[in-house]
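1. Need coordinates for the following:
(one chain, ligands or ions: 1)
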Amino acid sequence: FGQDATLAGFDWGSYLEKSGLLAAPVSCFRHAPLCAQWDDIYVGLKVEVLNTHTALPSKVYWIATVVQLTGYKALLRYEGFEDDDSHDLWCNIATADVHPIGWCAVNSKLLVPPQVVHQHIKDWKFYLMERLVGAHTLPVDFHVKMADSLRCPFRQGVRVEVVDRSQVSRTRLAVVDTVIGGRLRLLYEDGGLGPSGEVLSDFWCHTQSPLVHPVSWSERVGHSIKETDVNVNMGSHPAFRKVLQNSVPDQFKKLRTVYLGNTFFEEGMKLEAVDPLNLGNICVASVRKVLLDGYIMVGIDGVEIGDGSDWFCYHASSHAILPVGYCESNDIPLTLPPGYDHATFTWEKYLEETGTLAAPRRLFNTDDVGHGFTPGMKLEAVDLMEPRLVCVATVRRCVGRLLLLHFDGWEPEFDQWVDCQSPEIYPVGWCEITGYQLQPPIGPEPPQGQERSNTSKKAKPF
Ligand code: MLZ
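-> A predicted model of the protein is given here:
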């Protein structure tokens, strides 16, 4: 499975023009390259860009103005075309041959106007002087900052502990195989290799994902970890031939400190939780175990197998656990345990019936963070059920810090709730910058408002 958007002829610029929708601005994505610099990038900036409208054999440049911004992609208009948009071009401002004004002079490059406009403007020098007075341009260190922000503390051969996709209640040792744009391809240490050396079991996640941890994390917080099967030899794979190096806490994102007063989550307390295997559902759930460092194991009421193998670890600061009543007060359909129905279910009755307590509201991290996303905005988002795939997606709802993401062209049952600060969502153009493959929408997207149905079945867990 998996498609390549570029090969499939998908282009963000024309896709957005057709739908009339906007892309979420880069400044919404804290972990994304250039997020902190994005205040300096706006419509009206002037830049020097490769001139593609010339018959000259060598690379020459020309001045252009940013007329539209969607994620990392800018629509540029060459100077001289004025109100004529027929030669506008979309380019990725982070990767394309785009530079601050003055770059050509410093680097001995030629500024040459496109042939078409060349004829009807007589005095270029005067024309440009007029146009450039008081104009703003890219920060000089733009491309340096870009390169800095793509640096990653992980490389092939680093060992980590990561959720076991075959049993989500435990972690498993894995080794970094590939790093693309801060996303890691992890190979389980005893995942096995096929007859021609192919990897049988891998997992993808961002460096800052809550699912990946330094070596010895599980033991430290009391999380269960799969014992590595020493009979499985991965030695013939390049990632394992390197000198393996254990990851350390410094390489990971610091979690927000949690409230550890007199009260904390306790075993048996009820809450609402995003179902880890069905990320579009928020369910009636229970705290099953309290670990150290603010982590808890959560089970989904009424569907647990009973041996704890389907519990899931969430940090107390996670967006995925919510206080009792959260769905009701935010008009989100709560997924009830089998045998209950919406007409008669109330939390009050349920707590009484089960003789349990609701986890106190103050323990949850439901602060509104003022994220800037609004419904309809487009982005590139990981399908967390198949975390190798980064897909064309749309924000469908915003509730507090939660975003409901829709994958364009797919049925709503593939929708997923994610945190607005999730490291697995990216601005439009991110894949192009990092060289990551983008999954295009399935088939042509219908006109706004209608959903095209897709016959594919719901994805398997992970
Ligand atoms: N194997 C899956 C892929 C689903 C990917 C969806 N991404 C939004 C299927 O075809 O069902």
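2. Could you use CA atoms for every contact and neighbour count after this?
-> Noted.
3. What are the buried residues along the worst-scoring helix or strand of the chain on mean pLDDT?
-> None of the helices or strands of the chain scores lower by mean pLDDT, DSSP states H and E than helix 115-118, at a mean of 79. When neighbours are counted by 16 or more other CA atoms under 10 Å, no buried residue of helix 115-118 is found.
4. so how far is it from its chain's centroid?
-> Taking CA atoms, centre = their mean, to the nearest Å, one finds the center of helix 115-118 at 42 Å from the center of the full chain.
5. what does stretch 426-444 give?
-> Mean-position distance between stretch 426-444 and its chain equals 11 Å (CA atoms, centre = their mean).
6. In the stretch 351-462 of the chain, where is pLDDT below threshold?
-> The model of the stretch 351-462 of the chain has pLDDT under 70 over residues 443-462.
7. If we use 50, what do you get?
-> For the stretch 351-462 of the chain, the stretches flagged by pLDDT under 50 are 446-447, 449-461.
8. Strands along that one, start to end?
-> 378-382, 390-399, 402-407, 416-419, 425-426, 438-439 (DSSP state E, counting those that start in this stretch).
9. Now do the longest one against strand 402-407, angle only.
-> With axes from the mean of the first three to the mean of the last three CA atoms, to 10 degrees defining the directions, strand 390-399 sits at 140 degrees from strand 402-407.
10. Direction included, what does strand 390-399 pair against?
-> Neighbouring strands of strand 390-399 in its sheet, by DSSP bridges, are strand 378-382 (antiparallel), strand 402-407 (antiparallel), strand 438-439 (parallel).
11. which outside residues touch that strand?
-> 330, 373-383, 403-408, 431, 436-441 (CA atoms under 8 Å, 6 or more residues apart in numbering).
12. My reading is that residue 281 is in a strand; is that accurate?
-> Yes - membership of residue 281 in a strand is supported by DSSP: H, G, I helix; E, B strand; the rest coil.
13. returning to that earlier point: now for the strands of the stretch 351-462 of the chain, which one comes closest to the ligand?
-> strand 402-407 (5.0 Å; CA to the nearest ligand atom).
14. The strands of the stretch 351-462 of the chain into JSON lines, with extra columns for distance to the ligand and mean neighbour count?
-> As requested, the strands of the stretch 351-462 of the chain are arranged in JSON lines below (distance: least, CA to the nearest ligand atom, whole Å; neighbours: other CA atoms under 10 Å):
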{"stretch": "strand 378-382", "distance to the ligand": "8", "mean neighbour count": "28"}
{"stretch": "strand 390-399", "distance to the ligand": "6", "mean neighbour count": "22"}
{"stretch": "strand 402-407", "distance to the ligand": "5", "mean neighbour count": "24"}
{"stretch": "strand 416-419", "distance to the ligand": "9", "mean neighbour count": "23"}
{"stretch": "strand 425-426", "distance to the ligand": "13", "mean neighbour count": "26"}
{"stretch": "strand 438-439", "distance to the ligand": "8", "mean neighbour count": "24"}
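15. Redo those as TSV? Include distance to residue 91.
-> Listed next are the strands of the stretch 351-462 of the chain as TSV, based on distance: least, CA to CA, whole Å:
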stretch	distance to residue 91
strand 378-382	17
strand 390-399	18
strand 402-407	24
strand 416-419	29
strand 425-426	17
strand 438-439	16
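16. right, and the ones you listed - which one's nearest residue 315?
-> Closest approach to residue 315 among the strands of the stretch 351-462 of the chain (CA to CA): strand 416-419, 13.1 Å.
17. quick one: contacts of that closest one?
-> Identification of contacts with strand 416-419 by CA under 8 Å, 6+ apart yields 274, 278-281, 319-320, 401-406.
18. Let me know how buried whichever residue of the stretch 251-400 of the chain sits closest to the ligand is, in neighbour terms.
-> At 5.4 Å from the ligand, residue 383 is the closest residue in the stretch 251-400 of the chain, using CA to the nearest ligand atom. Using other CA atoms under 10 Å, residue 383 has 25 neighbouring residues.
19. For residue 183, see how far away the residue of the chain most remote from its centre is.
-> The C-alpha centroid of the chain is most remote from residue 122, which lies 49.0 Å away (CA atoms, centre = their mean). Going from residue 122 to residue 183 by CA to CA, to the nearest Å gives 51 Å.
20. As a check, name the ranges of all helices in the stretch 251-400 of the chain.
-> Counting by DSSP state H, counting those that start in this stretch, the segments of the stretch 251-400 of the chain that form helices are 326-329, 347-354.
21. Also the stretch 101-250 of the chain?
-> With DSSP H, counting those that start in this stretch as the criterion, the stretch 101-250 of the chain has helices spanning 103-106, 115-118, 124-132, 142-149, 217-221, 238-241.
22. buried residues in the first one?
-> Going back to what we said before, that points to helix 103-106. Residues of helix 103-106 classed as buried under the neighbour-count rule (16+ other CA under 10 Å) are 103-104.
23. same thing with the last one?
-> Buried positions in helix 238-241, judged by neighbour count with 16+ other CA under 10 Å: 239-240.
24. Run through who's touching it.
-> In contact with helix 238-241 (CA under 8 Å, 6+ apart) are residues 156-157, 175-177, 234-235.
25. centre of the chain versus it, how much separation?
-> Centre to centre, stretch against its chain (CA atoms, centre = their mean), the figure for helix 238-241 is 28 Å.
26. Just the C-alphas of it, formatted as CSV.
-> Output of helix 238-241 as CSV, limited to C-alpha atoms (Å, rounded to 0.1, in the frame of the first residue of the first chain):
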residue,chain,number,x,y,z
PRO,A,238,22.5,-2.6,8.0
ALA,A,239,20.8,-0.9,11.0
PHE,A,240,22.0,-3.7,13.3
ARG,A,241,25.5,-3.9,11.9
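27. For it, what does the pLDDT average out to?
-> For helix 238-241, mean pLDDT rounds to 90.
28. about what we covered before: in contact with the residue farthest from the centre of the chain, which residues?
-> Residue 122 touches nothing, counting by CA under 8 Å, 6+ apart.
29. and it, how far is that from residue 63?
-> Relative to residue 63, residue 122 is positioned 17 Å away (CA to CA).
30. same check, this time on residue 193
-> Residue 193 is 53 Å from residue 63, by CA to CA.
31. can you check residue 190 too?
-> 55 Å.
32. of those two, who's got more company?
-> residue 63 (25 against 20).
33. Return the residues of the stretch 251-400 of the chain in contact with the ligand.
-> Taking CA under 6 Å from any ligand atom as the contact definition, the stretch 251-400 of the chain meets the ligand at residue 383.
34. residue contacts, residue 173?
-> 159-162, 188-189, 215, 226, 228.
35. try 6 Å this time
-> Residues counted as contacts of residue 173 (CA atoms under 6 Å, 6 or more residues apart in numbering) are 160-161, 188-189.
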